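Participant: The sequence isn't on hand, but the structure is:
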């Protein structure tokens with residue numbers, strides 16, 4: 001099944017079968033169960049084989065236990081939530097579910113053996129189950145990447161009817177098209193009042209807020225996404241959920257408070273009403289200290305490890321163009337404090353003087369200045385920018401405490417002067433060498449998208465999020481996409 005988002009409404013609706021996601025979801029879950037079981041079997045064979053290879057005696061009871069653990073492995077993962085549909089391809093949530101299920105089984109076996117005084121080879125708890133966990137995590141990672149590749153061409157998508165105001169729906173459509181790996185494709189829209197628009201950027205308008213259930217049937221959709229709007233209060237949402245209940249159509253509701261997620265949000269029943277409790281982000285304290293120590297340790301290690309490659313790059317820059325190898329520029333850091341950022345020089349020496357003559361060629365909206373084929377960039381500089389090698393000297397800024405490994409993009413003083421009140425929120429944390437903007441499109445992002453990603457990071461930062469971004473940065477940088 002391949003459905004292009006730019007096709008006409010008629011072709012789109014005819015091409016989408018009713019609840020199409022349930023078809024591939026069942027097949028995908030079967031593959032996950034089979035693959036997880038094979039990972040456990042491989043781990044068991046490896047452990048038993050090694051013991052036999054070294055002449056150890058393996059009694060029949062342990063063979064039976066190994067088979068039991070292999071068969072119980074997918075059951076343990078299911079108890080951990082590893083087969084929930086919403087976790088498919090979602091990375092952290094899926095890996096966390098697999099980890100919880102695997103560790104839970106290890107704990108159960110160890111505690112059960114201790115409680116019953118059963119003599120079990122420690123290799124099962126110390127080697128077989130950990131090996132099964134690691135191999136399962138790797139298998140899930142490969143399956144996730146395969147799922148993302150299929151979704152990039154329109155397969156394995158969940159078809160959604162978006163309900164909300166025109167601007168919010170258009171923004172949702174843009175985000176889903178930019179990030180298809182989430183598996184969401186808008187196939188229809190419902191506006192406050194029908195008849196004003198025939199379609200929204202190729203998405204057919206199927207009715208008003210009172211026609212959602214009919215729109216779902218017409219579009220053969222399997223999910224509804226309700227965007228924040230005052231017309232849909234609690235009572236209206238409850239009635240909408242009832243109307244979608246019979247066909248088991250999923251309902252997603254976007255909260256009015258955007259870009260706040262994770263542990264900061266919890267639902268608390270108060271006086272019979274479910275209230276969303278939003279904790280304030282933590283900008284100081286122990287967690288920030290841990291992040292600062294982590295940043296500097298990694299930066300020092302990276303500088304020592306990359307010392308020779310960095311010297312080689314500096315030498316190449318000096319030999320291929322006039323001027324110094326390093327480029328110093330004033331940037332704005334945490335709290336609006338200015339500092340000198342260090343980068344490899346990628347432009348000619350008089351680049352700043354030439355900028356005035358190129359202002360009309362600016363291809364970026366907002367306050368940034370970007371040209372895809374900037375004539376000031378040297379040949380070596382183009383290569384360095386493509387793979388973000390010019391950013392490596394910023395490790396010195398991280399060591400000095402002026403920057404972090406992960407954070408918002410470090411802005412220029414003239415950019416900060418043009419900031420509005422909301423955008424200045426980026427300055428409450430240290431700027432980063434990489435960030436959500438780096439792993440979500442780099443220079444291909446619009447100004448609004450770049451700001452939104454930076455603010456999302458500020459509101460939801462954590463060391464785990466930093467590790468995820470650092471991991472994704474490697475993949476993005478090696479592909480060289482979106483950099484100029």
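Facilitator: Here it is on my side, so go on. The structure displayed is predicted, hence computed values, not measured ones.

Participant: how deep is residue 464 tucked in, by neighbour count?
Facilitator: Number of residues near residue 464 (other Cβ atoms under 10 Å) recorded here: 12. C-beta: built from backbone N, CA, C; applies to glycine.

Participant: What lies in contact with whichever strand or helix holds it?
Facilitator: Assigned by DSSP states H and E, residue 464 belongs to helix 463-479. Helix 463-479 is contacted by residues 91-92, 287, 290-291, 294, 387-388, 405-406, 434-436, 438-439, 442, 457, 482 when judged by Cβ atoms under 8 Å, 6 or more residues apart in numbering.

Participant: Okay, and the beta partners of residue 342?
Facilitator: residue 328 (DSSP bridges).

Participant: List the contacts of it.
Facilitator: 326-328, 393-394, 396-397.

Participant: Next, the buried residues of the helix or strand containing residue 313.
Facilitator: Assessed by DSSP H and E, residue 313 sits inside helix 307-320. The neighbour-count check on helix 307-320 (16 or more other Cβ atoms under 10 Å) flags 310, 313-314, 317 as buried.

Participant: cool, and stretch 189-203?
Facilitator: In stretch 189-203, counting by 16+ other Cβ under 10 Å, buried: 189-192, 194, 200, 203.

Participant: Greatest separation within those: which pair is it?
Facilitator: Pairwise distances across the buried residues of stretch 189-203 peak at 15.9 Å for 192 and 203 (criterion: Cβ to Cβ).

Participant: which residues touch the helix or strand harbouring residue 186?
Facilitator: Here residue 186, judged by DSSP H and E, is contained in strand 184-191. With contact meaning Cβ under 8 Å, 6+ apart, strand 184-191 is reached by 3, 5, 12-13, 16, 154, 157-166, 169, 172-173, 176, 197, 200, 203-209, 211-212, 215-216, 218-221, 223, 225.

Participant: And for stretch 61-70?
Facilitator: 37, 40-41, 44, 47-48, 105, 109, 120-121, 124, 128-129, 132.

Participant: Pick out whichever of the residues you listed sits closest to residue 254.
Facilitator: Distance to residue 254 across the contacts of stretch 61-70 (Cβ to Cβ) is lowest for residue 105, with 36.4 Å.

Participant: Please identify which helix or strand holds the closest one.
Facilitator: Under the assignment here (DSSP H and E), residue 105 is part of helix 92-116.

Participant: Show me what counts as buried in that helix.
Facilitator: 94-102, 105-106, 109-110, 113.

Participant: Next: stretch 446-462.
Facilitator: Buried-residue list, stretch 446-462, by 16+ other Cβ under 10 Å: 449-462.

Participant: thought residue 281 was touching residue 462?
Facilitator: No: counting by Cβ atoms under 8 Å, residue 281 does not reach residue 462; the two are 9.7 Å apart.

Participant: and the gap between the residue nearest to residue 250 when sequence neighbours are not counted and residue 244?
Facilitator: Excluding its sequence neighbours, the residue lying closest to residue 250 (Cβ to Cβ, 6 or more residues apart in numbering) is residue 223, at 4.1 Å. Residue 223 sits 9 Å away from residue 244 when distances are taken as Cβ to Cβ, to the nearest Å.

Participant: try residue 338
Facilitator: From residue 338 across to residue 244, the span is 53 Å (Cβ to Cβ).

Participant: if you count what's nearby, which of the two comes out ahead?
Facilitator: Legend: neighbour count by other Cβ under 10 Å for residue 338 and residue 244, higher for residue 244 (19 against 13).

Participant: Surely that one is in contact with residue 213?
Facilitator: Yes: counting by Cβ under 8 Å, residue 244 sits close enough to residue 213 to count as a contact (6.5 Å).

Participant: now the strands for the chain?
Facilitator: 158-163, 184-191, 199-200, 203-208, 223-226, 250-253, 265-270, 273-278, 326-332, 338-344, 404-406, 432-434 (DSSP state E).

Participant: What strands flank the fifth one, and is each parallel or antiparallel?
Facilitator: Paired with strand 223-226 in the same sheet, following DSSP bridges, are strand 158-163 (parallel), strand 250-253 (parallel).

Participant: Present those strands as TSV; the columns should include mean pLDDT.
Facilitator: Listed next are the strands paired with strand 223-226 as TSV, based on pLDDT from 0 to 100:
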stretch	mean pLDDT
strand 158-163	91
strand 250-253	87
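
Participant: and these, which is most packed in?
Facilitator: Highest mean neighbour count among the strands paired with strand 223-226 (mean count of other Cβ atoms under 10 Å): strand 158-163, with a mean of 28.

Participant: quick one on the thing from earlier: quick check: neighbours shared by residue 223 and residue 244?
Facilitator: With Cβ under 8 Å, 6+ apart as the test, residue 223 and residue 244 both reach 250-251.
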